[in-house]
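In: no sequence on this one, just coordinates:
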């Protein structure tokens with residue numbers, strides 16, 4: 001039996017602050033302090049990677065690089081890389097409860113460029129050189145990719161007008177590296193600043209006995225440094241475009257399924273290479289996280305493959321994945337790893353067998369548990385100890401939004417009976433109480449549900465572009481009442497972080 005623990009799901013972008021989006025600044029440290037006071041063990045976040053069209057952290061320009069939107073300006077001011085006057089009067093977005101991605105994309109870049117110029121003059125170049133050397137395997141490719149992408153007005157790499165650079169021909173690369181030297185430096189230095197700030201924050205969390213649960217998308221974006229640099233690891237045509245893409249089959253939630261559009265891995269090529277790309281990806285992930293949640297774990301057993309150009313996911317088919325062979329290679333190279341398997345969706349005996357063979361805990365979502373006519377595998381009374389129980393994920397509505405807008409009266413009645421909800425008890429509290437009472441060794445409370453917010457605070461509506469990933473918490477919302485309720489649940493259901501009790 002694993003020791004009972006709990007934590008909170010709260011992405012960096014959703015932290016409060018004055019620069020349009022959450023960052024690695026003081027509000028992040030304050031959030032760690034909140035977790036300490038409520039005796040939590042885990043802070044779960046979404047992927048920290050760079051975001052592209054649609055602003056999704058699950059569609060990144062790189063499987064390794066960090067999102068420079070999270071670099072905190074106040075910390076740069078403390079370093080002397082910016083002046084306080086530099087950030088005065090800039091409109092990063094008028095609504096403190098919502099990220100305006102268009103504005104931060106426009107407004108942050110000039111400030112980061114100024115900080116890079118200051119770093120070139122006064123920065124710790126010995127430390128930067130160590131970072132660049134240690135991360136050269138991905139950093140140089142990412143810097144090249146971003147510099148050339150910006151040179152071609154941010155076109156996807158398969159649309160770059162220069163065929164030679166699409167193919168990464170040596171002479172062409174050398175030419176662009178010389179021509180775009182300043183942009184290469186910008187991307188190298190901003191990655192350095194990102195990881196310095198993040199690892200300092202992570203160290204603070206770890207010193208206070210808080211572990212970071214990171215999130216790894218199973219796939220990478222078609223428009224990414226990874227596919228550009230190593231197209232042979234993906235099912236692509238002669239010019240690098242995907243011949244098939246990832247998605248989910250039609251189900252009760254969607255008649256046409258979900259069409260994600262990510263290129264599919266060429267697992268045969270990866271197998272011949274000893275899964276070195278995956279080993280390196282996980283090695284790097286465990287430098288910045290304590291636990292890694294792998295998204296769409298079932299795709300390693302079998303994945304839904306859709307022909308490129310399809311308008312929906314309905315034309316796809318199931319294709320066998322690498323199965324345990326991948327994880328055997330990873331274990332041999334890296335040893336036992338703290339991984340959470342996101343095993344939601346269409347489950348089969350083969351997927352369950354793979355998860356159990358790895359020993360990774362799976363996930364249970366309480367919103368999926370209340371079918372009044374049939375028993376659900378997400379029901380807390382069926383959950384094994386080796387599982388993680390959530391009210392919902394980033395793809396679910398908030399509990400209040402779900403209760404008000406997505407379920408019928410019969411489901412509401414069954415939910416009230418199952419949770420033994422009292423007349424005076426709010427729906428979010430009843431749901432949180434139920435996941436904390438479950439036998440799952442880890443219970444993760446979504447921050448929006450702790451704040452009892454409605455559907456307007458939803459993080460993502462799958463299969464839609466625009467309006468997602470925008471919710472932010474205000475500093476005032478993290479008040480003593482919320483703190484007291486979380487501590488009470490943690491104490492009553494024996495999930496206190498004992499390292500914080502001395």
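Out: Great, that's in hand. Note that the coordinates shown come from a computational prediction; the quantities given were computed from them, not determined experimentally. Residues are numbered from 1 along each chain as shown.

In: neighbours around the closest residue to residue 410 other than its chain neighbours, how many?
Out: Leaving aside its chain neighbours, residue 410 sits nearest to residue 372 (4.8 Å; criterion: C-beta to C-beta, 6 or more residues apart in numbering). For glycine as for every other residue, the C-beta is placed from the backbone atoms N, C-alpha and C. Residues within reach of residue 372, counting by other C-beta atoms under 10 Å, total 15.

In: Please look at residue 372 and residue 414 and confirm they touch.
Out: Yes - in this structure, residue 372 sits in contact with residue 414. The criterion is C-beta atoms under 8 Å, and the distance is 4.0 Å.

In: could you point out which element follows the lowest-mean-pLDDT helix or strand in the chain?
Out: Evaluated with mean pLDDT, DSSP states H and E, the helix-and-strand set of the chain has its lowest mean pLDDT in strand 258-263, which scores a mean of 89. Sequence order places helix 267-272 as the next helix or strand after strand 258-263, per DSSP states H and E.

In: Give me the helices and strands touching the helix or strand following that following helix, please.
Out: Beyond helix 267-272 in the direction of the C-terminus, DSSP H and E gives the next helix or strand as helix 276-288. In terms of contacts (3 or more C-beta pairs under 8 Å, 6 or more residues apart in numbering; DSSP states H and E), helix 276-288 is packed against helix 181-207, strand 211-216, strand 291-294, helix 324-334.

In: And these: which comes nearest residue 489?
Out: Residue 489 lies closest to strand 211-216 among those, at 18.5 Å (C-beta to C-beta).

In: Average pLDDT for that closest one, rounded please.
Out: This predicted structure assigns strand 211-216 an average pLDDT of 98.

In: what's the helix or strand following it packed up against?
Out: If you walk from strand 211-216 toward the C-terminus, the next helix or strand you reach (DSSP H and E) is helix 225-229. Judged by 3+ C-beta pairs under 8 Å, 6+ apart, the packing partners of helix 225-229 are helix 136-151.

In: Heading C-terminal from the helix it packs on, find the next helix or strand.
Out: Note on helix 136-151: by DSSP H and E, the next helix or strand toward the C-terminus is helix 163-166.

In: Low-confidence ranges, the stretch 1-150 of the chain, go.
Out: Across the stretch 1-150 of the chain, not a single residue meets the criterion (pLDDT under 70).

In: Could you do the stretch 401-502 of the chain as well?
Out: 502.

In: quick one: strands adjacent to the least confident helix or strand of the chain?
Out: strand 244-248 (antiparallel) (DSSP bridges).

In: how distant is the partner strand from the center of its chain?
Out: The gap between where strand 244-248 is centred and where its chain is centred comes out at 19 Å by C-alpha atoms, centre = their mean, to the nearest Å.

In: ok, now stretch 178-189?
Out: 27 Å.

In: Verify the stated contact: residue 242 with residue 231.
Out: No - here residue 242 does not reach residue 231: they are 9.7 Å apart, not a contact under C-beta under 8 Å.

In: hmm, who's touching stretch 424-439?
Out: By C-beta atoms under 8 Å, 6 or more residues apart in numbering, the surrounding residues in contact with stretch 424-439 are 6, 364, 366-367, 380, 383-385, 389-391, 398-400, 403, 415-416, 418-422, 443-445, 449-450, 452, 485, 489-490, 492-493, 495.

In: Mind doing that once more with 7 Å?
Out: Applying C-beta atoms under 7 Å, 6 or more residues apart in numbering, the external contacts of stretch 424-439 come out as 6, 366, 380, 383, 385, 389-391, 399-400, 403, 419, 421, 443, 445, 449, 452, 485, 489-490, 493, 495.

In: which ones among these are found in strands?
Out: Among the contacts of stretch 424-439, DSSP state E puts 6, 389, 390, 443, 445 in strands.

In: For the first one, give me its contacts.
Out: Residues in contact with residue 6 (C-beta under 7 Å, 6+ apart) are 40, 41, 436, 442, 443, 490, 495.

In: mind checking the SS state of the third one?
Out: Read it as residue 436. Counting by DSSP: H, G, I helix; E, B strand; the rest coil, the backbone at residue 436 sits in helix.

In: any idea how far residue 216 is from it?
Out: Between residue 436 and residue 216 the distance, using C-beta to C-beta, to the nearest Å, works out to 26 Å.

In: Excluding covalently adjacent residues, which one is nearest to residue 91?
Out: The shortest distance from residue 91 to any non-neighbouring residue, by C-beta to C-beta, 6+ apart, is to residue 103 (6.3 Å).
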